[in-house]
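> Return a 3D structure for these sequence lines:
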Amino acid sequence: MQRRIRRDSRPETTSAPQEEERRWTTSIAVHYEEKKPTSRYIRWYLLVALVISAIWASVNGILMPNQVQLLEFGRLFVGPDAGVDLTALTELSRAVAAGEVQPSADETRQLAILTDFETARAASLAVVTTVSAIVVMLLQPVIGVFSDRTRSRLGRRAPWILYAGLLGALLLVAVRYAPSVAVLVVLWTFTELVINVVSTPLQATVADRVPRERRGRVTSYTSLGAIVGGLLGGIGAGALFGMIGLDFYFVLALLFALAVVLFVARNRDESSVEMERQPFRWGEFIRGYASALKARDFRWLWISRALFFFGYSTSTVLSLYMLQSYISPALSAEQASATAPLISMASLPATLIAVTVSGRWSDRVGRRKPFIIAASLLMAISMTVPLISPTLPGLFTQAILTGLAFGIYLPVDNAMFIDVLPDPERAGRDLGLSIVATNLGQSMAPALAAVMVAITGGYAMVWVAAAILVAAATLTISPIRERPRRTPVAA
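Predicted coordinates:
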């Protein structure tokens, strides 16, 4: 059964917990109270989360690094150098550095181009991902606020999910044909923004429709979809890159359009046409935006998430290039594209177990902090493995540990953000701000990784910086005062 929420519910006297529950259930939304509608909602939410994660994983992990690499290779290796074998040239560079080989004059010239190429591809990839992440970070809260205020027969969130999803599919196709890094920056920035226009209202539907005592369980399922989607996207892009290359963007576009249409069609919301709302004023919006960060627990959790994703993204942004230039023996671009998803796949068993158990377990014990702290420390430890063993087995080991940590972290952190919302009636705004923390960390990571490569000429310091940042996230989660759970959760 699903209950239609009254637009104005004001009991004469309420306790503090009852008042908090009343505030979040007065939203214009369908509130799921029984198993069947909740299961249907989770199932279709899973599909959208899976596809969005597949987009991020395949584009950021496979398609975009290869696209940037192809553009930079065509710019630097011209004329007689256009057919150079990068893998062989990389191995020659190592042999020369070890004093094992004396290069010829022509080889010396090509090695100089290789050095410029290494710096250029890392820097260009950093520009593409950083600019897009910064734009999304700045506009994310606006998306949340507008979805909170939307009047439509489809409800507050559905129009954003549906129309932005269809536009995002078209933009994914456009990205495939970017002729230069500059054009790629513009197209990907718009594409990432539009996809996040889907993500913020989608996440707000959890606060709209799911009671607090069930959120950990729901976010476990949705996080599972995100993780599986990321693995499938990476595996698909890596396996098919040798056959269809950048045309994998077409596959992503089709899946994205289908997912958002099915979610909106199968999870109809209450009409918000008659919803009462105050006139929008930018001054009040900015003050309201800042007010969420004034809330102590929300602020500390926000900082912790920013640090966590700063470190995590720093370790992953150059993954494809590390397979080609950091580990020994080096892999070719095609081998790296096929191997990168296999590394992610190796972490799947640990991740699935962790993401399935951690959210429910945090519901039962009524605490989230210990899970987040443990996950952050475990991930920081995992990042020391490639420093000790810069080999393919070392990267596989690191990925397994990171997958376990991320599986613990993701559902619990998502549930905790909903728990500490300063104003449940403004869930879209404040959850949009929580995504800003993710985007802030991700936006700074490519620049930091590129700087480490440019300064040191290698990738080892990328791992060091990433480990320090993730470990620092535990310091900012500690001050949070967790609220006691109001009702017990059945086993």
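
> what mean pLDDT does the helix or strand harbouring V261 have?
Using DSSP states H and E, V261 sits in helix 248-266. Mean pLDDT, helix 248-266: 93.

> Can you list the buried residues in it?
Applying a neighbour-count criterion of 16 or more other Cβ atoms under 10 Å, the buried positions in helix 248-266 are 248-249, 251-253, 255-257, 259-260, 263-264. Glycine gets a C-beta too; all of them are placed from N, C-alpha and C.

> go on, stretch 380-394?
Under 16+ other Cβ under 10 Å, the buried positions of stretch 380-394 are 380-383, 385-387, 390, 392, 394.

> Closest one of the residues you listed to M243?
Closest to M243 out of the buried residues of stretch 380-394 is L392 (23.1 Å), distances taken as Cβ to Cβ.

> circling back: can you add distance to T438 and give the buried residues of helix 248-266 back as a markdown table?
Output for the buried residues of helix 248-266, formatted as a markdown table (distance: Cβ to Cβ, whole Å):
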| residue | distance to T438 |
| --- | --- |
| F248 | 24 |
| Y249 | 23 |
| V251 | 25 |
| L252 | 20 |
| A253 | 23 |
| L255 | 22 |
| F256 | 19 |
| A257 | 24 |
| A259 | 20 |
| V260 | 20 |
| F263 | 21 |
| V264 | 24 |
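
> Point out where the stretch 51-200 of the chain drops to low pLDDT.
141, 144-155 (pLDDT under 70).

> Okay, helices next: where are they in it?
64-76, 86-97, 105-149, 158-176, 181-209 (DSSP state H, counting those that start in this stretch).

> and the longest one with helix 181-209, angle?
Helix 105-149 and helix 181-209 meet at an angle of 30 degrees, taking axes from the mean of the first three to the mean of the last three Cα atoms, to 10 degrees as the criterion.

> before we move on, what about the first one?
Compare the direction of helix 64-76 with that of helix 181-209 by the same axes, to 10 degrees and you get 170 degrees.

> what's the answer for the second one, then?
Orientation of helix 86-97 against helix 181-209 (the same axes, to 10 degrees) gives an angle of 100 degrees.

> Report all helices and strands that helix 86-97 contacts.
When contacts are defined as 3 or more Cβ pairs under 8 Å, 6 or more residues apart in numbering; DSSP states H and E, helix 86-97 packs onto helix 105-149, helix 319-325, helix 333-346.

> buried sites along it?
86-87, 89-90, 92-93.

> Could you do the fourth one as well?
By neighbour count on 16+ other Cβ under 10 Å, the buried set for helix 158-176 is 158-169, 171-176.

> CA atoms only for that helix, dumped as PDB, please.
C-alpha atoms of helix 158-176 as PDB (Å, rounded to 0.1, in the frame of the first residue of the first chain):
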ATOM      1  CA  ALA A 158      10.000  13.200 -12.000                       C
ATOM      2  CA  PRO A 159      10.300  16.100 -14.600                       C
ATOM      3  CA  TRP A 160      13.900  16.600 -13.800                       C
ATOM      4  CA  ILE A 161      14.700  12.900 -13.900                       C
ATOM      5  CA  LEU A 162      12.900  12.300 -17.200                       C
ATOM      6  CA  TYR A 163      13.700  15.300 -19.300                       C
ATOM      7  CA  ALA A 164      17.300  15.700 -18.100                       C
ATOM      8  CA  GLY A 165      17.800  11.900 -18.800                       C
ATOM      9  CA  LEU A 166      16.700  12.300 -22.400                       C
ATOM     10  CA  LEU A 167      18.900  15.300 -22.900                       C
ATOM     11  CA  GLY A 168      21.800  13.600 -21.300                       C
ATOM     12  CA  ALA A 169      21.500  10.700 -23.700                       C
ATOM     13  CA  LEU A 170      21.800  13.100 -26.700                       C
ATOM     14  CA  LEU A 171      24.800  14.800 -25.100                       C
ATOM     15  CA  LEU A 172      26.600  11.500 -24.700                       C
ATOM     16  CA  VAL A 173      26.400  11.000 -28.400                       C
ATOM     17  CA  ALA A 174      27.800  14.400 -29.000                       C
ATOM     18  CA  VAL A 175      30.800  13.800 -26.700                       C
ATOM     19  CA  ARG A 176      31.800  10.800 -28.900                       C
END
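
> List the contacts of it.
48, 55, 59, 143, 146-147, 150, 152, 154, 184, 187-188, 190-191, 194-195, 197-198, 200-202, 246-247, 249-250, 252-254, 256-257, 259-261, 263-264, 268-269 (Cβ atoms under 8 Å, 6 or more residues apart in numbering).

> among the helices of the stretch 51-200 of the chain, which is nearest W300?
helix 105-149 (18.4 Å).

> Contacts for stretch 76-96, please.
73-74, 101-103, 107, 110-111, 113-114, 116-117, 120, 324-325, 328-333, 335.

> start to end distance for that stretch?
Stretch 76-96 has an end-to-end distance of 21 Å (Cα to Cα, to the nearest Å).

> what's the spacing between that stretch and its chain's center?
34 Å (Cα atoms, centre = their mean, to the nearest Å).

> V355 contacts I227, correct?
Yes: using Cβ atoms under 8 Å, V355 is in contact with I227, at 5.8 Å.

> So for the two, which residues contact both of them?
Residues touching both V355 and I227 comprise 407, 410, with contact defined as Cβ under 8 Å, 6+ apart.

> elements contacting the host helix or strand of P349?
Taking DSSP H and E as the criterion, the element that holds P349 is helix 348-365. Helices and strands touching helix 348-365, by 3+ Cβ pairs under 8 Å, 6+ apart, are helix 212-244, helix 369-382, helix 392-419.

> Any buried residues in the first one, and which?
To tie it back to what came earlier, the one meant is helix 212-244. Applying 16+ other Cβ under 10 Å to helix 212-244 flags 212, 214-238, 240-241 as buried.

> could you check the angle helix 181-209 makes with it?
150 degrees.

> tally of neighbours for A472?
17 (other Cβ atoms under 10 Å).

> Could I get the contacting residues of the closest residue in space to it that isn't next to it in sequence?
Closest residue to A472 apart from its sequence neighbours, by Cβ to Cβ, 6 or more residues apart in numbering: L307 at 5.1 Å. The contact partners of L307, by Cβ under 8 Å, 6+ apart, come to 441, 469-470, 472-473, 476.

> Need the three-state assignment for L307.
At L307 the chain is in helix, as set by DSSP: H, G, I helix; E, B strand; the rest coil.

> Would you mind measuring from it to L440?
Distance of L307 to L440, computed by Cβ to Cβ, to the nearest Å: 10 Å.

> before we move on, what about A88?
40 Å.

> Distance check, the closest residue to F396 other than its chain neighbours against E118.
What sits nearest to F396 in space, not counting adjacent residues and going by Cβ to Cβ, 6+ apart, is A346, at 5.2 Å. For A346, the distance to E118 equals 27 Å [Cβ to Cβ].
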